[in-house]
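Asks: Whatever this is, show me its structure:
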Amino acid sequence: MVLLQRYIGQNNLVKILPPLFHGNVFTLDHVGFTYEEINSKWNSDEYYQNLQKQFGSFFGYDDMSSSLIESCTPEQGNKFTFIINSDFYDLI
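Replies: Numbering: from 1, shown residues only. Presented below is the predicted three-dimensional model:
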C-alpha cells in the first residue's frame, strides 16, 4: 500500500494522496525516479492534478500560529474553513 503525506514548515501536513490515487497513477511503476521527479510530473500535468483533487486531502494553516484553518477531503466534498475565535475554532 502506498500513501503520500507531504509536510511543510513546522511539520504541518498539507497533502495526503491515498492508495486509491496511487493505484490510478501506477506509482509503483515509477521505481527508480526521485520524489521530486514524480511530484513534478504530478503537479505539471492536468490529468494528475485532477486525480489529486478527486482523491487527495489538503490542509491549510494560519501563518502566524500554524493552526489548521482549512481542510478539504473527498469525504467532505467541499473546503471547510475554521475561523479563529479566542481559544477555539468554529467550523463554518
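Asks: how about residue 64, secondary structure?
Replies: When classified by DSSP: H, G, I helix; E, B strand; the rest coil, residue 64 comes out as coil.
Asks: so where do the strands sit in this structure?
Replies: When assigned using DSSP state E, the strands of the chain occupy the ranges 4-8, 12-17, 57-61, 68-72, 79-85, 88-91.
Asks: Quickly, which of those bottoms out on average pLDDT?
Replies: When the strands of the chain are ranked by mean pLDDT, strand 88-91 comes last with a mean of 50.
Asks: Centroid-nearest residue for this protein?
Replies: residue 15 (1.8 Å; Cα atoms, centre = their mean).
Asks: Which residues are in contact with that residue?
Replies: Residues in contact with residue 15, defined by Cβ atoms under 8 Å, 6 or more residues apart in numbering, are 4-6, 52, 56-59. Glycine gets a C-beta too; all of them are placed from N, C-alpha and C.
Asks: Look up the residues forming beta bridges with it.
Replies: According to DSSP bridges, the partner residues bridging residue 15 are residue 6, residue 58.
Asks: Distance check, it against residue 4.
Replies: In this structure, residue 15 and residue 4 are separated by 7 Å, where distance is defined by Cβ to Cβ, to the nearest Å.
Asks: Then residue 61?
Replies: Distance check for residue 61 against residue 4: by Cβ to Cβ, it reads 19 Å.
Asks: go on, residue 65?
Replies: Residue 65 sits at a distance of 26 Å from residue 4 (criterion: Cβ to Cβ).
Asks: Tell me which of those two has more neighbours.
Replies: For residue 65 and residue 4, the more surrounded residue by other Cβ atoms under 10 Å is residue 4, and the numbers stand at 18 against 9.
Asks: Can you tell me, leaving aside adjacent residues, what's nearest to the more buried one?
Replies: On the basis of Cβ to Cβ, 6 or more residues apart in numbering, the spatially nearest residue to residue 4 that is not a chain neighbour turns out to be residue 17, at 4.2 Å.
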